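A.B. asks: following is a predicted model, sequence given first.
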Amino acid sequence: MKLPRFSVFAAGAALLVSTIACQSTSDVATDAPAGESTTEIPMPGEGITVRTGHGDWLQEVFLVDIVNIGLEELGYNVAEPVQAAYSALHLSVANGELDYNPSFYDPSALGMFENSGGAEKLTLLGELVPAQAGYLIDKATAEEYQITTVEQLQDPELAQLFDTDGDGKANLAGCPTGTGCNERVHHHIDVYGLQDTVEQDEASTTVMSADVVTRYGQGKPVLFYGYNPHWIFAILKLDEDAIWLEVPFTDLPGDQAGATEEETTFNGKNLGIPPVSQRIIANPEFLAENPSAQRWFELVNVPPEALNEESLLIYEGENTPDDIRRHAEEWVEANREQVDMWLDEAQQAAN
């Protein structure tokens, strides 16, 4: 659904009357007041092509499509998005080869931001999707054994509730080897004194998530590192099926070593990991020339729950570009009133 276009009128009534006789019915805007022409005000993006890209996470395609649908409704042409590594995407935006990229993860990618030219070359906008990572267990086990923190897993009897391979240790479905979250989980096992009672499983995230869902469906306890949004939370609903575990104190490795307890607290719980905002990163020159696009980037927001449902659809096989574009269009239409409010404000930014 396009934004409404408004007509402006210049000709006088006498001129209209004198020319009607010479025009066919199809040439006359019969619903226009006498004395007015039908010249249309151009949309903010008319004649402008926007270039963007995304990483290899298919859920990002869904977000790119939502952002692009809004740009299209503002009159922009949108080039076929490119897929590339995040570092390449950020550099391409900084160099003006791309106009925006909706795949900036704040604060975890701030080092990449600085390496790509910082605030002189890049502008961070809005909060496209809020996200949070941390440790979770199923709610039934948490309530039965009154487990609220990871520190309680120092108790061998509690840890054995989550033992899936018979070695006496809790199996924590973690992250694949070589990833930043894999390093983080190993660090936490050490600093929270869990070396003797907890071990991290390190298979692919998809395989481990599927195993967690299977075990949960069988009524067995589950312990896992989760990142919301993710399709697993479309099945294990937060606070209904799974709950976050608190950590005893904040202690992170690497670039996040200076994080404070305040920074890692989410909804009153210290989860040990700062929340992450998926944000749009854009070229400042493009924004200066396109205030409507900038305002749209600042306003558009997709709840984690919507991305969880999209992730589940992708996981279940609706994963072609056409599928994902259809999902994005359906989300826009389901949220048409809110989307139109954002688009109206974006259109006004051009005036």
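C.D. replies: It's in.

A.B. asks: show me where the stretch 1-150 of the chain dips below the pLDDT cut-off.
C.D. replies: The stretch 1-150 of the chain contains residues with pLDDT under 70 at 1-41.

A.B. asks: what ranges do the helices span in it?
C.D. replies: 13-20, 58-73, 86-94, 110-115, 139-145 (DSSP state H, counting those that start in this stretch).

A.B. asks: which one of these lies nearest to residue 218?
C.D. replies: helix 139-145 (12.2 Å; CB to CB). C-beta here means a position set from N, CA and C on the backbone, and glycine is covered the same way.

A.B. asks: can you tell me the closest non-neighbouring residue to residue 248?
C.D. replies: Nearest residue to residue 248 in three dimensions, chain neighbours excluded: residue 151, at 4.6 Å (CB to CB, 6 or more residues apart in numbering).

A.B. asks: wait, that neighbour touches residue 247, no?
C.D. replies: Yes. Between residue 151 and residue 247 there is a contact under CB atoms under 8 Å: 7.3 Å.

A.B. asks: so residue 73 sits right up against residue 343, yeah?
C.D. replies: Yes. Look at residue 73 against residue 343 with CB under 8 Å: they come within range, at 5.7 Å.

A.B. asks: and for the residue nearest to residue 248, the neighbour number?
C.D. replies: Neighbour count for residue 151, taken as other CB atoms under 10 Å: 16.

A.B. asks: next: the one 3 residues further on.
C.D. replies: Other residues near residue 154 number 16, with proximity taken as other CB under 10 Å.

A.B. asks: and residue 319, which of the helices of the stretch 1-150 of the chain is closest to it?
C.D. replies: Residue 319 lies closest, by CB to CB, to one member of those: helix 58-73, at 5.9 Å.

A.B. asks: now for that closest one, which elements pack on it?
C.D. replies: Other helices and strands packing on helix 58-73, by 3 or more CB pairs under 8 Å, 6 or more residues apart in numbering; DSSP states H and E, are strand 53-54, strand 77-78, strand 100-106, strand 123-138, helix 291-299, helix 304-315, helix 321-334, helix 336-348.

A.B. asks: make it 7 Å
C.D. replies: Packed against helix 58-73, as judged by 3 or more CB pairs under 7 Å, 6 or more residues apart in numbering; DSSP states H and E, are the following elements: strand 53-54, strand 77-78, strand 100-106, helix 291-299, helix 304-315, helix 321-334, helix 336-348.

A.B. asks: closest to the centroid, which residue in this structure?
C.D. replies: Central residue of the chain (CA atoms, centre = their mean): residue 129, 3.7 Å from the mean position.

A.B. asks: how much space between that one and residue 104?
C.D. replies: Distance of residue 129 to residue 104, computed by CB to CB, to the nearest Å: 11 Å.

A.B. asks: still on that earlier bit, can you put the helices and strands packed on helix 58-73 in TSV and add distance to residue 285?
C.D. replies: What follows is the helices and strands packed on helix 58-73, written out as TSV (distance: least, CB to CB, whole Å):
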stretch	distance to residue 285
strand 53-54	17
strand 77-78	18
strand 100-106	12
helix 291-299	11
helix 304-315	30
helix 321-334	27
helix 336-348	19
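
A.B. asks: closest one to residue 122 among the ones you listed?
C.D. replies: Closest approach to residue 122 among the helices and strands packed on helix 58-73 is made by strand 100-106 (8.5 Å; CB to CB).

A.B. asks: and the residue nearest to the centre of the chain, what does it touch?
C.D. replies: 63, 229, 278, 302, 304, 307 (CB atoms under 7 Å, 6 or more residues apart in numbering).

A.B. asks: closest one of those to residue 260?
C.D. replies: Closest approach to residue 260 among these (CB to CB): residue 278, at 22.2 Å.
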